[in-house]
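J.: sequence and predicted structure are below.
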Amino acid sequence: MAVVAGRENIERHWQFKRANEMEIVSLLLRTVAVGERKLTKRVPMDSGQAELVLIGLIRLMQASFE
């Protein structure tokens, strides 16, 4: 049973890591979209958009060290 439990833990960890990676990709895509809008409209970023960019970058950096 220990092997099965270990395998289940590994699968659960992989699913969690995969979900985090998908979340990071989603954040980066939204960040790029925000950046493109700002380049075309030349409107300053509001605090919510700035926070989105920072969260995306922090999560990307954390994922690169795992």
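T.: Perfect, I can see it now.
J.: verify the stated contact: Val53 with Thr31.
T.: Yes - with contact taken as C-beta atoms under 8 Å, Val53 and Thr31 are classed as touching, separated by 5.0 Å. All C-beta atoms are positioned from the backbone trio N, CA, C, and that covers glycine.
J.: distance of Gln62 relative to Leu27?
T.: Computed as C-beta to C-beta, to the nearest Å, the Gln62 to Leu27 distance reads 12 Å.
J.: specify which residue of those two has the higher count of neighbours.
T.: Neighbours around Gln62 and Leu27, counted as other C-beta atoms under 10 Å, are more numerous at Leu27. The numbers are 18 against 11.
J.: spit out the contact partners of that one.
T.: Listed by C-beta atoms under 8 Å, 6 or more residues apart in numbering, the contact set of Leu27 reads 52, 55-56, 59.
J.: so where's this structure uncertain?
T.: Filtered on pLDDT under 70, the chain yields the residue ranges 1-10, 12-22, 24-25, 32-45, 66.
J.: now do 80
T.: The chain contains residues with pLDDT under 80 at 1-54, 56-57, 59-66.
J.: where's Ala63, which helix or strand?
T.: Taking DSSP states H and E as the criterion, the element that holds Ala63 is helix 47-64.
J.: C-alpha coordinates for that helix, PDB please?
T.: These are the backbone C-alpha positions of helix 47-64, laid out as PDB (Å, rounded to 0.1, in the frame of the first residue of the first chain):
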ATOM      1  CA  SER A  47      -3.400  49.600  -9.500                       C
ATOM      2  CA  GLY A  48      -5.300  46.300 -10.200                       C
ATOM      3  CA  GLN A  49      -3.500  45.800 -13.500                       C
ATOM      4  CA  ALA A  50      -0.100  46.600 -11.900                       C
ATOM      5  CA  GLU A  51      -0.900  44.000  -9.200                       C
ATOM      6  CA  LEU A  52      -1.800  41.400 -11.800                       C
ATOM      7  CA  VAL A  53       1.600  42.000 -13.500                       C
ATOM      8  CA  LEU A  54       3.500  41.700 -10.300                       C
ATOM      9  CA  ILE A  55       1.700  38.500  -9.200                       C
ATOM     10  CA  GLY A  56       2.300  36.900 -12.600                       C
ATOM     11  CA  LEU A  57       6.000  37.700 -12.400                       C
ATOM     12  CA  ILE A  58       6.400  36.500  -8.800                       C
ATOM     13  CA  ARG A  59       4.700  33.200  -9.600                       C
ATOM     14  CA  LEU A  60       6.700  32.700 -12.700                       C
ATOM     15  CA  MET A  61       9.900  33.200 -10.700                       C
ATOM     16  CA  GLN A  62       8.800  30.800  -8.000                       C
ATOM     17  CA  ALA A  63       7.900  28.100 -10.500                       C
ATOM     18  CA  SER A  64      11.300  28.400 -12.200                       C
END
